[in-house]
Structures are given as C-alpha cells and as structure tokens.
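Colleague: Predicted model and sequence follow; I will ask about them next.
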Amino acid sequence: FFPPTTWQVSNIHAGTGANNVIPGVCEVLFNFRFGSVSTADDLKRRTCEALDRHGLDYEIDWHLSGKPFITGRGQLVRALSAAIHDTVGVTTELSTTGGTSDG
C-alpha cells in the first residue's frame, strides 16, 4: 500500500562559513517517510548501525510526528464516499500518498 521508505536530508550545517577552519561539529536534519512495513525503532536501529560502522561520535534527537496507518473500506469510508459523490459528483479514492502531516 505504501511507497518504499525514503530518507530525506533537509539541512546540513557545519562550521562558521570560513574556508580555513575545520568544523568541530556538523548538524544534519533529516526525516524518514515510511509505511507499515518499517517501524520507527527499526529505522533508528539501522541508522545507528550505519553511523557506528564508520566510528562516528554522534547524538540524535528523535521525534516521531506520526505512525503510518491504513484506513480500510469499512462502513464509514463507504458512507463518506457515497455522500461526497452524491453531493459534489466526485468519486473518492483511498490513497497512501502524502503523509500524516498532510492533513
């Protein structure tokens, strides 16, 4: 039902901007987009294993914004789909595109 898990790096920051200074710290902001095949704990474990393989000294602050879920075609979904179709003439479609933060 869900697309494959993806990893987005949204921001990387290190150093002061000077080209003659080796940064002491690098901050990376990232997120995973995952479905019901993966779990947050599994992604955490795999991320730490990858960093550990390279002998990196790191800290990670984890924040889970929402767990993946699927709403099946139950009575409520059928009733809402019929009401939408009857009211505005639109045939609804259940989809796993987007995310929990997409509304």
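Modeller: Now that the structure is in, tell me what you want to look at. This one's a predicted model, so the numbers in the text were calculated from it and none came from an experiment. Numbers count the residues shown, from 1 in each chain.

Colleague: got the contact list for the most centrally placed residue in the chain?
Modeller: Residue closest to the mean C-alpha point of the chain, counted by Cα atoms, centre = their mean, is Arg33 at 2.5 Å. Neighbouring residues of Arg33 by Cβ atoms under 8 Å, 6 or more residues apart in numbering: Pro3, Thr5, Thr6, Gln8, Gly99. In short, each C-beta sits where N, CA and C put it, glycine included.

Colleague: so the first one sits right up against Val37, yeah?
Modeller: Spelled out, that is Pro3. No - taking contacts as Cβ atoms under 8 Å, Pro3 lies outside contact range of Val37: 10.4 Å.

Colleague: Strands of the protein, start to end?
Modeller: In the chain, the strands defined using DSSP state E lie at 6-14, 26-33.

Colleague: most packed of these?
Modeller: Scoring the strands of the chain by mean neighbour count under mean count of other Cβ atoms under 10 Å gives strand 26-33 as the most buried, with a mean of 13.
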